[in-house]
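**Q** Predicted coordinates and the sequence they were generated for:
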Amino acid sequence: MWHFSSTSLSEHTGEKFARTWEDGEHELLRIYTKDMKDGNGIRIRKERQEYPGIRFDEAINEKLPTVIKMRAFPKDV
């Protein structure tokens, strides 16, 4: 299973939450609050979990543009 994720830069001061969506047979999308172990409060985390069902090198070539796009997505939700 692959995990692609990003965490907001700013602290979340609202209620804690967790939402999960299944997208097709091999993908799970999640957004939730996460207590940071480094003492930096609560942050919002976006996560995508997948079972690629293809060879490792094919998955890397397919997912690299997605990872780059996720890194460019605004971190503050």
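**A** Thanks, I have the structure now. From a predicted model like this one, the values you see are computed outputs, not experimental measurements. Numbering: from 1, shown residues only.
**Q** which stretch of helix or strand covers the residue sitting nearest the centre point of the chain?
**A** Nearest to the mean C-alpha position of the chain, by Cα atoms, centre = their mean, lies Glu47 at 1.9 Å. Assignment of secondary structure by DSSP states H and E places Glu47 within strand 42-50.
**Q** Please point out which parts of that strand sit buried.
**A** With burial defined by 16 or more other Cβ atoms under 10 Å, the residues of strand 42-50 counted as buried are 42-50. No exception for glycine: its C-beta is placed from N, CA and C like everyone else's.
**Q** could you say what helices and strands that strand packs with?
**A** For strand 42-50, the contact count by 3 or more Cβ pairs under 8 Å, 6 or more residues apart in numbering; DSSP states H and E identifies strand 2-7, strand 27-35 as packing neighbours.
**Q** Which of the ones you listed has the lowest mean pLDDT?
**A** Of all the helices and strands packed on strand 42-50, the minimum mean pLDDT falls on strand 2-7 (a mean of 81).
**Q** ok and it relative to strand 42-50, angle-wise?
**A** Note on geometry: by axes from the mean of the first three to the mean of the last three Cα atoms, to 10 degrees, strand 2-7 and strand 42-50 are set 160 degrees apart in direction.
**Q** Would you tell me what the next helix or strand after strand 2-7 is?
**A** Tracing the chain past strand 2-7, the next element assigned as helix or strand by DSSP H and E is strand 18-22.
**Q** can you list contacts of that next one?
**A** Strand 18-22 is contacted by residues 28-33 when judged by Cβ atoms under 8 Å, 6 or more residues apart in numbering.
**Q** quick one: Ile44 from Ala59, how far?
**A** Noted for Ile44: a distance of 27 Å to Ala59, by Cβ to Cβ, to the nearest Å.
**Q** can you check Arg19 too?
**A** When distance is defined by Cβ to Cβ, Arg19 is 26 Å away from Ala59.
**Q** the more surrounded of the two?
**A** The residue with more neighbours, out of Arg19 and Ala59, is Ala59; 14 against 8, by other Cβ atoms under 10 Å.
**Q** The more buried one touches Pro52, doesn't it?
**A** Yes - proximity of Ala59 to Pro52 meets the contact threshold set by Cβ atoms under 8 Å, at 4.2 Å.
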